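Trainee: sequence and computational prediction follow.
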Amino acid sequence: MTTKLRVLDDAVPPDLPHEEGHGDAPGALGTSDASAYRSSLEPRRVFVDTFGCQMNAHDSERMVGLMAAEGYAPTEDPEIADLIVLNSCSIREKAEHKLLSAAGSLKFIKEKRPDAVLAIAGCVAQQEGKSLLARAPHIDIVFGPDHIARLPELVREVQQTRRRVSETEFLSRSEFAFPRLTDASSVPVSAYVSVMKGCDKFCTFCIVPFTRGREVSRDAADILDEVQWLAARGSQEIVLLGQTVNAYGRQKRSGQVPFHELLAQVAAIPGVRRVRFTSPHPSDFTDAQILAFRDVPELCPHMHLPVQSGSDDVLARMRRGYTRAEYLAVVRRLREVAPSVSLTTDIIVGFPGETEKDFQDTLSLVEEVRFQAAFCFAYSERTGTRAVGLDGVVPFEERARRLRILLERQEQITGEWLSSMVGQRLEVLVEGPSKSDPARSTGRSGQNRPVHIDGSFLPGTMLEVEVVEAFRHSLRATPIAKTPMATSVASSSAA
Ligand code: SAH
Ligand code: SF4
Ligand code: F3S
């Protein structure tokens, strides 16, 4: 998945003409040269291309914010950018290939504009470090996720010395600071807030513990302070982020609270209308966390709960730390407490040693749970993980065949569920205009389903809508009413 951070190109921070090292304001130079005048007013520009998961999307937002404070305006066009960052993912081989081809295609930019600074961030950067610099001589900076806060400093260093840099060592708990959004002009309606970083689970297929380092939970006071800042500036939905987000606070260090208390405290902050979290790990659930779906009204009825496989043998070889029955017990309890909860998941097919019977167990689990959606992947071998060298490698064609069958079945289930939504009333938080039809707005239901609404509504409007049509992955609806605290005026006649 590749997401360009499509921030408005002309959203130039007001203090730009005074930025350091980018030419003086015309008055200071005393020149009347029109071209010099124009260039001094033109901001530097940063282009960030994001691959991978929400952690990377969140990190990219923070990078854009840090560079905005340095006078860099975001752009969607790498050809005019003074700083280009590829925020990379190495979760599967395909993601890594995408990064390498994107990096290769930047070569011509460096040839045309040698002053442009090219950087690779994220998980491939963390893994490859200096060797990326050796392989790609046009890249100036390689830095891992722990070094995001230093991006402005690294860029200045390259500009001043033209030396190439690589920063990939993990920072200690005391050195690491969770990066925050600082640019008030880019506060989203739905905002990610990191509550932890890293992962200690070491599932045998997964590269994340090697690219993100050890699990560290953030102080609750710091999290609440960031949420307060965001809510005061218009964020109405807060999505708490972590690779195993519900493991938050399990180390019981001072400054941390149990995860279910954190949920309630975030929800209680004025202006917060919705709370979500992603992704929880099935083994880290406590009953108190599940009861939060009943007791915290702001907590949305959706949970992304990766299962990976329906076979106990495969789960054991993946070292997931739960059995099929234990996973199903979490699902059962959750549905008992919150019957309207929608469940989505991640599944891997073709893990080494996966037999046809194991695969059928995954299909039967999908039938049993009836997930509202599933992200399904063919197993991809990652160097350095413990699954490398396991017996029973499943041929690529067989992985592809199982993936096709699984996807087909899940699409049917998703389709049936979406069709059953037609005629129902939902509450939708508008996030912006629809990309495919400007006469519509797009938002999400509490169950996290994209909903396209007839009419133009400002981001942040909370609407009650009636579903009129089901698409493959989303819904179309007509507005019934705005729910209290709506912040904007609708142009639709039905509002
Ligand atoms: N922290 C989350 C997963 C993050 S990675 C969790 O524990 O569930 C997102 C998804 O990528 C995983 O859930 C898994 O389904 C998939 N994935 C990870 N490594 C993979 C690999 N080597 N091959 C195929 N899919 C993989
Ligand atoms: Fe990877 Fe497992 Fe950690 Fe998730 S819990 S990030 S799958 S090692
Ligand atoms: Fe990819 Fe790193 Fe996220 S490997 S999935 S960007 S943690």
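Mentor: Sure, I can see it. Residues are numbered from 1 along each chain as shown. Ligands and ions are numbered 1, 2, ... in the order given.
Trainee: so residue 327: helix, strand or coil?
Mentor: Taking DSSP: H, G, I helix; E, B strand; the rest coil as the rule, one finds residue 327 in the helix state.
Trainee: contacts only, for it.
Mentor: By C-beta atoms under 8 Å, 6 or more residues apart in numbering, the contact set of residue 327 is 282, 305, 307, 365. C-betas here are computed from N, CA, C, even on glycine.
Trainee: how about the residues of this structure by ligand 2?
Mentor: 199, 201-203, 206, 208-209, 243-244, 281 (C-beta under 6 Å from any ligand atom).
Trainee: what's the distance between the residue nearest the centre of the chain and residue 401?
Mentor: Among the residues of the chain, the one closest to the centroid is residue 54, at 1.2 Å (C-alpha atoms, centre = their mean). Distance from residue 54 to residue 401, counting by C-beta to C-beta, to the nearest Å: 30 Å.
Trainee: now do stretch 177-187: distance to the chain's middle.
Mentor: 15 Å (C-alpha atoms, centre = their mean, to the nearest Å).
Trainee: ends of that stretch, what's the gap?
Mentor: Start and end residues of stretch 177-187 are separated by 20 Å (C-alpha to C-alpha, to the nearest Å).
Trainee: of the residues of the chain next to ligand 2, list those near ligand 3.
Mentor: Residues of these in contact with ligand 3 (C-beta under 6 Å from any ligand atom): residue 208.
Trainee: inside helices: which ones of the residues of the chain next to ligand 2?
Mentor: 208-209 (DSSP state H).
Trainee: now do the contacts for the nearest residue to residue 158 once chain neighbours are set aside.
Mentor: Distance criterion C-beta to C-beta, 6 or more residues apart in numbering; nearest residue to residue 158, sequence neighbours excluded, is residue 140 at 4.7 Å. Contacts for residue 140 (C-beta under 8 Å, 6+ apart) come out as 117-119, 158, 164-165.
Trainee: now those residues as TSV including neighbour count and pLDDT?
Mentor: Below are these laid out as TSV (neighbours: other C-beta atoms under 10 Å; pLDDT from 0 to 100):
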residue	neighbour count	pLDDT
117	22	97
118	23	97
119	23	97
158	19	96
164	17	95
165	19	95
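Trainee: leaving out chain neighbours, which residue sits closest to the closest residue to ligand 3 within the stretch 301-450 of the chain?
Mentor: For the stretch 301-450 of the chain and ligand 3, the shortest gap (C-beta to the nearest ligand atom) falls at residue 382, measuring 9.0 Å. Distances taken as C-beta to C-beta, 6+ apart place residue 207 nearest to residue 382, at 4.4 Å, with adjacent residues excluded.
Trainee: so that neighbour sits against residue 386, correct?
Mentor: No - Residue 207 is not in contact with residue 386 according to C-beta atoms under 8 Å; the separation is 11.1 Å.
Trainee: compare these two (neighbour count), which wins?
Mentor: residue 207 (23 against 15; other C-beta atoms under 10 Å).
Trainee: how about the residues of the protein near ligand 3?
Mentor: So the chain meets ligand 3 at 52-53, 55-56, 89-91, 122-123, 207-208, 211-212 (C-beta under 6 Å from any ligand atom).
Trainee: by neighbours, which of those residues wins?
Mentor: residue 122 (30 neighbours).
Trainee: for the nearest residue to that residue once chain neighbours are set aside, give me phi and psi.
Mentor: In space, and not counting its chain neighbours, residue 122 is closest to residue 88: 3.9 Å by C-beta to C-beta, 6+ apart. Main-chain dihedrals, residue 88, degrees, to the nearest 10: phi -90, psi 160.
Trainee: and if you look at residue 304?
Mentor: The phi/psi pair for residue 304 (degrees, to the nearest 10) reads phi -90, psi 110.
Trainee: swap in residue 305?
Mentor: Main-chain torsions, residue 305, degrees, to the nearest 10: phi -130, psi 90.
Trainee: repeat that for residue 90.
Mentor: phi -130, psi 20.
Trainee: from memory it sits against residue 123, does it?
Mentor: Yes - at 4.4 Å, residue 90 counts as touching residue 123 under the criterion of C-beta under 8 Å.
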